[in-house]
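S.K.: below is the structure, and that's it, no one-letter string:
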């Protein structure tokens, strides 16, 4: 891959974020399209700095807890304490998983959550990943705030995952996606049922900057389809929209939305 050494190093770290069991030197070099010697030098330096560790049993490289600790340290000092009570209250009221995604440039990244389900099936994906735009409620809520042309370009820029990984109701074309976005604009929030996975549903609404109305985040409620059927939207949607407005009002005091 082209780019500076620091760009390669961050690409290496990003490659390891989705590999909890680690990757070998050859696999990392191939993924980054760089010589094994260059990959080994970067890995050795990252190991020395404490960001990566090498498993003694299989020699695979894994991320250490240092990056996670830095992330939590940043969130604890950058306004997460301001927004967390809002997420906790919505989770308690809905009894489901609540997630907040922050919009930065062309990316929407899930950075905070609160789990409201106390028993039964609990839907709880990992934080820190970009929200897939094509088939998630969080993606649809953000795309619906754009024009159709802008939404299509945003999806193409991110790319569309393997359709085999989608849920049975996921859009199968751009026209079907635009139909989802049209419905989201009419409702004022996005709702999907079994688009990202069988048996899961979600609804989501954008968070806007108080001055200017720029979209700065997306708030979502997700859980099993059996509990998030369309009949329940009349109860959950007002709670979601109210919490999104609260986050909007609180955003100037949070570095997360800076």
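M.R.: Thanks, I have it. Given the structure is predicted, the values throughout are model-derived calculations rather than measurements.
S.K.: point out where the protein drops to low pLDDT.
M.R.: 1-3, 72-81, 118-127 (pLDDT under 70).
S.K.: all helices of it, in order?
M.R.: 5-17, 25-32, 36-49, 66-76, 80-94, 137-144, 148-158, 174-187, 233-250 (DSSP state H).
S.K.: got the contact list for the last one?
M.R.: Just to be clear, that refers to helix 233-250. 82-83, 86-87, 89-90, 93-94, 98, 100, 187-189, 191, 203-210, 217, 219-221, 228 (Cβ atoms under 8 Å, 6 or more residues apart in numbering). Every C-beta, even on glycine, is put in place using the N, C-alpha and C of the backbone.
S.K.: picking up where we left off before, let's have the helices of the chain in JSON lines, adding distance to residue 57.
M.R.: Formatted as JSON lines, those follow (distance: least, Cβ to Cβ, whole Å):
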{"stretch": "helix 5-17", "distance to residue 57": "17"}
{"stretch": "helix 25-32", "distance to residue 57": "15"}
{"stretch": "helix 36-49", "distance to residue 57": "16"}
{"stretch": "helix 66-76", "distance to residue 57": "21"}
{"stretch": "helix 80-94", "distance to residue 57": "36"}
{"stretch": "helix 137-144", "distance to residue 57": "37"}
{"stretch": "helix 148-158", "distance to residue 57": "36"}
{"stretch": "helix 174-187", "distance to residue 57": "44"}
{"stretch": "helix 233-250", "distance to residue 57": "44"}
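S.K.: what's the closest of these to residue 197?
M.R.: Nearest of the helices of the chain to residue 197, taken as Cβ to Cβ: helix 137-144 at 12.1 Å.
S.K.: show me the domain layout of this structure.
M.R.: Listed by automatic domain parsing, the domain ranges of the chain are 5-64, 74-257.
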